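Trainee: Generate a structure from the sequence data that follows.
(2 chains)
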Amino acid sequence: MTTGSSRPAWEGQPYSIKRHGVDIAHCDAEPVHTPGCVQAHGALLVLRPADLVVRQASENVAQVLGLPVHDVLDRPLEAVVGAAARGRLQQALEREPLDCSPAYLFTLDADARRPAALDVSAHRIDGVLVVEFEPAAVAQASPDHYAQVRKTVARLQTAATLRGLCDIVVEDMRALTGLDRVMVYRFHADHHGEVFAESRREDLAPWLGLHYPADDIPAPAREIFRRLWIRPVPDIDGALAELVPLVNPDTGAPLDMTHCALRGASVMYTEYLRNMGVRASLTMPIRRGNDLWGLVACHHNDGPARLPHALRAACELLAQVVSLQWHAAEDRGFADYRLRLEGVHQQLVAIAAQEGGLAAMTDATPNLLDAMAAGGVALYHRDRWWRVGTTPDEAELDALAEWLNARPEFESPMRPIYQTDALHRDWPEGERMREVAAGVLAMPLSRARRNLMIWFRPEVLQDVRWGGNPHDKPVVPGPHGPRLTPRASFELFVESVRGRSAPWLPVEVDAAVRLRLLVMELVVSRAEFLDALNADLARSNEELDAFAYVASHDLKEPLRGIHKYAHQLLDDAALQSPEDLQKLHGLMRLTQRMDSLLDSLLHLSRVGRTRLEFEEADLNEVVDEAVEMVGGRRTDFPARIHVPRPLPVELCDRVRMREIFCNLLSNALKYNDKPVRQVEVGWLDPGTHDDVPGATPAEHGQRVYYVRDNGIGIRPQHATQVFELFKRLHGRDEYGGGTGAGLTIVRRLVERQGGRVWFDSTPGVGSTFYFTLIAPPRDAP
Amino acid sequence: MSTAFERVLLVVEDSDEDFDTVLEAARDCGIAARVRRAVDGDDCLHQLQSLDAGPVRAATVVLMDLGMPGLDGRGALRAMRADPALRSHPVVVVSGSGNPRDVQYCYEHGVNAYHVKPHRYPEYRALMREVIGYWMQSVRLPDTGAAP
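Mentor: Okay, the predicted model is just below:
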């Protein structure tokens, strides 16, 4: 928002707040860790560790230490603070782990040069030694900070919820410090903040529940809070003192002041506090793991607030305890919910295991909606959606799934989970489903099959109470042109937020992740189950072979015997009554029929198991052979088998193909009562047979073969039985008395070659049997 | 040199009815006296060995069923083909099974012919007559080394 170049004003020279300030357009780039200045109530020296010679000093050393800067620079430390102090520092260097961790070392008494006693602390960073001098606390009866902190820690451990924990912290920390307002400020996912707990002087306006935009604590400030434990700014109106020189002559770099208690505060920050009527601040981070979860922010309005080292250390300790107790407190708060989630989820997985499919999770009792508080759940499994509760429709789910499957979150090996309470912010198309799906919690169940589980939460119209209008960024003229200033107005601004659901709680996300693991285990054990089933199948195939053998040999043997005896009885002169003859003929016919049934059964069992041999076969030859085999050229009735146009060459199992035609031709000739039995064998090119009854749209794109007759036809009520094994539609001896296995065999042969067989028939007029094969359509030969 | 007169027909058949049909066919061909019966594979091997050890060494044609208790037809066939003394006896399988795997198996193990038993008695008997006439009368068989 600068008028001219967007490059920082300090580019090319070492940064100093005093010289360069900052404008808000750049506040995400402000080098807050190298401000080049200290708060002028104290002084800072940068020493060379090897010989403790001063290499940099704050320009106010004259006021604090009683020596002008040029008398301090390049002098050994004892020349500045005396040999005794140097000796104590040297001792501390050998004893204390000072790396990036300032420690209070001792107090330097006032003397002729120094107007006041000074607390001395030191730490190492980037190969230099930083020594800070702060005015010591006015001598008073030292309060027992330790006892207070111990009491607070004990209370913190009993907090049942996160909010309870935070309430204790703000209350006790305000009692400890005597500051006007102590808050727990919590960052949301988009980095805007919310006052989550508050203790305040009674006459101050409450800020509890107010939200503040992310700009109020910009990224560099948030980053610094991830790295230190406490940040005091005792007087925002206090002067700044610049380091001399700004760049360390030994390292060539400006001093990293991240850990300095005296680090000069950004102009933006002091201005911001001033606009809020705050004079002093003390801030401590609350971390969750490595993330900055929030801050304990203390404000003092009634003048500066210089907190002595011991008190600051107590506050720092409390903030650390909060960081450690945070998770435990949250756990306690959601313990019941967590237990219920886990319980129902485990029950669901057990049901799914029993039912042999995840779909049971959506329609059984309990189902997925009985666990997680959600409006609806959709499960993509076995190539379709299973829904329960209120979810987007299937077209919308398809679109959402496609978008979700490309999310980077899904690539995470341990927690592949996507969650949002405002879908439209990540996916503008999601806007139209916000009423049912403003909140989405989604996880992949298997990448290969794109299986998903998605929970939905409806939009909840929310009022967010902002501490000042977050969209209002005042511009004022500054030294480098017009610039943004921190917000001056903190008046309550209530904004209605659309397209948002209740947020997903960490306990819910954790439960989803665990459910996913359970489901994956189930899927894995299912795969094992399938393996076992396959082994069983292979075994039962062998048993089927054995059965086939028994059927062919052992069952047929007695049949032959019965037939033989019946035949011999026929020859017996003693049994010649017409009745006896009829019975004996019947007996022989029955054994014959039993024999045919056994043959068909055997054949069918082989059809299902023998391997197919695909080859290029000229179907004209195949049909010729089939006609020959069914005796189509020497029937004892007038018959005509007609092939209207040459058949193509097809990739198929030639022998099976011939058998298909044999069966269809045989049926066409057999089930026929016309004076001239007519059969037509033909084929239809892909795309030319949209009018074929019974063909699916996909089959319209395939080559279709047919065998058409002018036979007796099939009555509609028999349509479903035609392909059933041993299902004869006619009397035992009508139409040549087949076994009823022919069409079952045809269907199995066609299906094994990837096709489908169906028919269209008009009783009394004729039938047409159609079939496809999987072979891709090609040009006619 | 062996002649048709010296040949023996060893019928390996566990079914009495089926054996009876074979016997009727042998009677049709006039060789019923030279029919022997074994009821399973072990019996078959045992009889072959005692026939060979007998005073008159006859050429033996084996008519073998496949499905039998104990050592079945496949096992007996395998054993005969593995034994140098029995290897040259012709084996004709007459089985209730038309399973292509059985057919394949038998030819791979040196069967001389494979027939499926017809279900209808007249056809069964006619087939047996044909087989017996062919193997017991028409074909030349190797010398048995016995005196004429």
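Trainee: Please count neighbours and contacts with C-alpha atoms only from this point.
Mentor: Fine.
Trainee: Now residue A:228: closest residue in space, sequence neighbours ignored.
Mentor: Counting by Cα to Cα, 6 or more residues apart in numbering or on different chains, residue A:228 lies nearest to residue A:259, which is 6.4 Å off, once chain neighbours are set aside.
Trainee: Buried residues in the lowest-mean-pLDDT helix or strand in chain B, which are they?
Mentor: Of all the helices and strands that make up chain B, the one with the lowest confidence by mean pLDDT, DSSP states H and E is helix B:41-53; it has a mean of 87. Under the neighbour-count criterion of 16 or more other Cα atoms under 10 Å in any protein chain shown, helix B:41-53 has B:41-45, B:47-48, B:51-52 buried.
Trainee: Same question for stretch A:585-599: list its buried residues.
Mentor: Neighbour counts over stretch A:585-599 (16+ other Cα under 10 Å) mark A:587-588, A:591-599 as buried.
Trainee: That one and chain B in contact?
Mentor: Yes: for stretch A:585-599, a contact with chain B is found by Cα under 8 Å from any Cα of the partner chain, at A:592, A:595.
Trainee: chain center to that stretch: distance?
Mentor: The gap between where stretch A:585-599 is centred and where its chain is centred comes out at 65 Å by Cα atoms, centre = their mean, to the nearest Å.
Trainee: tell me the mean pLDDT for that stretch?
Mentor: On average, the pLDDT along stretch A:585-599 is 83.
Trainee: I figured residue A:567 hits residue A:588, correct?
Mentor: Yes: contact criterion Cα atoms under 8 Å: residue A:567 and residue A:588 qualify, at 7.5 Å.
Trainee: nearest residue to residue B:126 other than its sequence neighbours?
Mentor: Counting by Cα to Cα, 6+ apart, residue B:25 is the residue found nearest to residue B:126 once chain neighbours are left out, at 7.2 Å.
Trainee: For that neighbour, which residues are in contact?
Mentor: Residues touching residue B:25, when contacts are defined by Cα atoms under 8 Å, 6 or more residues apart in numbering or on different chains, comprise B:125-126, B:128-129, B:132.
Trainee: next structured bit after the helix or strand it falls within?
Mentor: Under DSSP states H and E, the secondary-structure element containing residue B:25 is helix B:16-29. Read in the C-terminal direction, the helix or strand following helix B:16-29 is strand B:35-38, with elements assigned using DSSP H and E.
Trainee: so which helix or strand takes in residue A:173?
Mentor: Using DSSP H and E, the element containing residue A:173 is helix A:162-177.
Trainee: Residues touching that helix, excluding its own?
Mentor: The set of residues that contact helix A:162-177 without belonging to it, under Cα under 8 Å, 6+ apart, is A:145, A:148, A:152, A:155-156, A:159, A:180-184, A:196-200, A:296, A:298, A:307, A:311, A:315, A:318, A:322, A:326, A:329-330, A:333.
Trainee: which parts of that helix are buried?
Mentor: When neighbours are counted by 16+ other Cα under 10 Å, the buried residues of helix A:162-177 are found to be A:162-174, A:176-177.
Trainee: Tell me, how many residues neighbour residue B:128?
Mentor: For residue B:128, the number of neighbouring residues by other Cα atoms under 10 Å in any protein chain shown comes to 25.
Trainee: so which strand or helix has the closest residue to chain B within the stretch 601-750 of chain A?
Mentor: For the stretch 601-750 of chain A, the nearest residue to chain B under the criterion Cα to the nearest Cα is residue A:602, separated by 8.4 Å. Using DSSP H and E, residue A:602 sits in helix A:578-607.
Trainee: now swap in residue A:400 and tell me
Mentor: When the helices and strands are read off by DSSP H and E, the one containing residue A:400 is helix A:394-405.
Trainee: Quick one: mean pLDDT over that helix.
Mentor: For helix A:394-405, mean pLDDT rounds to 92.
Trainee: What strands line up against the helix or strand following it, and which way round?
Mentor: Next in sequence after helix A:394-405, counting helices and strands by DSSP H and E, comes strand A:418-420. Sheet pairing of strand A:418-420 (DSSP bridges) gives strand A:439-446 (antiparallel).
Trainee: Can you check what angle separates the strand it pairs with from helix A:394-405?
Mentor: Taking axes from the mean of the first three to the mean of the last three Cα atoms, to 10 degrees, strand A:439-446 and helix A:394-405 form an angle of 70 degrees between their directions.
Trainee: The helix or strand following strand A:439-446: how far from the chain's middle?
Mentor: With elements assigned by DSSP H and E, the helix or strand that comes after strand A:439-446 is strand A:451-457. Strand A:451-457 has its average C-alpha position 9 Å from the chain's average C-alpha position, going by Cα atoms, centre = their mean.
Trainee: just stretch B:129-138 next, same as before
Mentor: In terms of Cα atoms, centre = their mean, the centre of stretch B:129-138 is set 11 Å apart from its chain centre.
Trainee: Now it: buried residues?
Mentor: Within stretch B:129-138, the residues that qualify as buried are B:129, B:131-133, B:135-137, counting by 16+ other Cα under 10 Å.
Trainee: Please report the distance of residue B:60 from chain A.
Mentor: Between residue B:60 and chain A the distance, using Cα to the nearest Cα, to the nearest Å, works out to 26 Å.
Trainee: So what pairs up with that residue in the strands?
Mentor: Listed beta-bridge partners, residue B:60: residue B:8 (assigned using DSSP bridges).
Trainee: List phi and psi for residue 131.
Mentor: Just so you know, I chose chain A. Note on residue A:131: its backbone torsions stand at phi -120, psi 130 [degrees, to the nearest 10].
Trainee: show me what contacts residue A:240?
Mentor: Contact criterion Cα under 8 Å, 6+ apart gives A:18, A:37-40, A:264 as the residues in contact with residue A:240.
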